[in-house]
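Q: need a 3D model of the sequence below.
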Amino acid sequence: MAKEIQVKIKLQASGGKATPAPPIGPALGQHGINIGQFVSQFNERTRDMNGTTVPVIITLYKDKTFIFEVKSPPAAVLLKQAAEIAKGSGVPNKEKVGKVTSEQVRKIAETKFKDLNAYDLDQAMKIIEGTARSMGVEVED
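A: Model (predicted):
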C-alpha cells in the first residue's frame, strides 16, 4: 500500500547553496521535516546548478519521511542569465533592458520543455518569448 501524504511544500532555493536559514528552515520545520537532511540531499542533487534559483516540491508522508522533486529554473531566471541583466524592466513596453538571440531562447525552451504546457519546441519557444517580452527583454533573430 502506498504511503499516506501529509503535505506537499513548494519552495524556491539556490541550487547547491541551500541553507537551513529562512525561507527553507521555517517552511520545513513547521512540518517536522529533518532540515539538515533535506539541505544536504538538495545541495548534492543540485550541485551543478551553482546558485541558480530552482523550484522544489517536497512531499512529506505521515511517517515523517519525505521525497522531493527539483524542477527546472524559472524562465525569468534563465532569461536574466542569458541577457546578463540583474532584473527585468518595470515598464517592459517602453523600457527595454536586454537582448537575447533566438538560439538562446531555443536553449531555454529545451531546458524548460518538460515543465511547460507545450506539445513541441516551437510552442515552448513562444512561451519563453512571451516571458521575455513581459520582462522588457528583446528577442533578436
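Q: tell me the secondary structure for the closest residue to residue 82 other than its chain neighbours?
A: Counting by Cβ to Cβ, 6 or more residues apart in numbering, residue 104 is the residue found nearest to residue 82 once chain neighbours are left out, at 4.4 Å. (C-beta placed from N, C-alpha, C; glycine too.) When classified by DSSP: H, G, I helix; E, B strand; the rest coil, residue 104 comes out as helix.
Q: ok, and what's touching the helix ranked longest in the chain?
A: Counting residues, the longest helix in the chain under DSSP state H turns out to be helix 121-135. By Cβ atoms under 8 Å, 6 or more residues apart in numbering, the surrounding residues in contact with helix 121-135 are 75-76, 79-80, 88-89, 92, 97, 100, 102, 105-106, 108-110, 112-113, 116-118, 138-139.
Q: export it to CSV, keeping only CA atoms.
A: Coordinates of each C-alpha in helix 121-135 appear next as CSV, following Å, rounded to 0.1, in the frame of the first residue of the first chain:
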residue,chain,number,x,y,z
LEU,A,121,9.6,23.1,-29.2
ASP,A,122,8.2,25.9,-31.3
GLN,A,123,5.3,26.4,-28.9
ALA,A,124,7.7,26.3,-26.0
MET,A,125,9.8,29.0,-27.6
LYS,A,126,6.7,31.2,-28.0
ILE,A,127,6.1,30.8,-24.3
ILE,A,128,9.7,31.8,-23.5
GLU,A,129,9.5,34.7,-25.9
GLY,A,130,6.3,35.9,-24.1
THR,A,131,8.1,35.8,-20.8
ALA,A,132,10.9,37.8,-22.4
ARG,A,133,8.5,40.4,-23.7
SER,A,134,6.9,40.8,-20.3
MET,A,135,10.4,41.4,-18.7
